[in-house]
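Chemist: Build me a structure from this.
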Amino acid sequence: MNVEWFTKSPKGMVTIYNSYITLNTVAANNFKNSFGIIIGYNSSEKTLLIKSISKEDISIGLYKNIEVHSISIMPSYGRIAGRSIISKLCEYFPIDFNNGALQKFECDWSNEDKTLTVFLERRVS
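Modeler: This is a model prediction of the structure:
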């Protein structure tokens, strides 16, 4: 018998609501030791970037001109709250919340940059 067993390959997923962003366990685990996060948008790639910031980064003033946001890490998810964050994102990449209260997107973690990249053109249904 020639059997090919399926393996579980967990994928990061980000869900954007009209007032907060939720990260599934796979994505959230990358922020367990974060002091805070900074958020940006890459217009050429149409990606949302969520970068992990350490307490040392803050103490040396590495991000003194950038707003640092908090992230809540729970056992099964992470959450970034703030309507202003979602409003700012929608200025760059319109998200229609009328067809549903949420939008799900694929994401990938970069260990080198300590950044989660959310692919806004890769919606998950």
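
Chemist: which element follows the lengthiest helix in the chain toward the C-terminus?
Modeler: Identified as the longest helix of the chain according to DSSP state H is helix 83-92. For helix 83-92, the following helix or strand on the C-terminal side (DSSP states H and E) is strand 102-110.

Chemist: Dump the C-alpha coordinates for the following helix or strand past that following strand into PDB.
Modeler: If you walk from strand 102-110 toward the C-terminus, the next helix or strand you reach (DSSP H and E) is strand 115-124. Backbone C-alpha positions of strand 115-124 (Å, rounded to 0.1, in the frame of the first residue of the first chain) are rendered in PDB as follows:
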ATOM      1  CA  THR A 115       7.400  41.800  10.800                       C
ATOM      2  CA  LEU A 116       4.000  40.200   9.900                       C
ATOM      3  CA  THR A 117       3.100  40.900   6.300                       C
ATOM      4  CA  VAL A 118      -0.700  40.800   5.600                       C
ATOM      5  CA  PHE A 119      -1.400  40.300   1.900                       C
ATOM      6  CA  LEU A 120      -4.500  42.500   1.300                       C
ATOM      7  CA  GLU A 121      -5.000  41.100  -2.200                       C
ATOM      8  CA  ARG A 122      -5.200  37.600  -0.800                       C
ATOM      9  CA  ARG A 123      -8.700  37.500   0.800                       C
ATOM     10  CA  VAL A 124      -9.700  34.200   2.400                       C
END
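
Chemist: Can you list the buried residues in stretch 2-12?
Modeler: The neighbour-count check on stretch 2-12 (16 or more other Cβ atoms under 10 Å) flags residue 12 as buried. For every residue, glycine as well, the C-beta is placed using N, CA and C.

Chemist: can you give me the end-to-end distance of that stretch?
Modeler: End-to-end distance for stretch 2-12, by Cα to Cα, to the nearest Å: 31 Å.

Chemist: circling back to that earlier point, ok, and what's touching the longest helix of the chain?
Modeler: 16, 17, 18, 19, 20, 21, 39, 41, 43, 48, 69, 95 (Cβ atoms under 8 Å, 6 or more residues apart in numbering).

Chemist: Great, nothing more from me.
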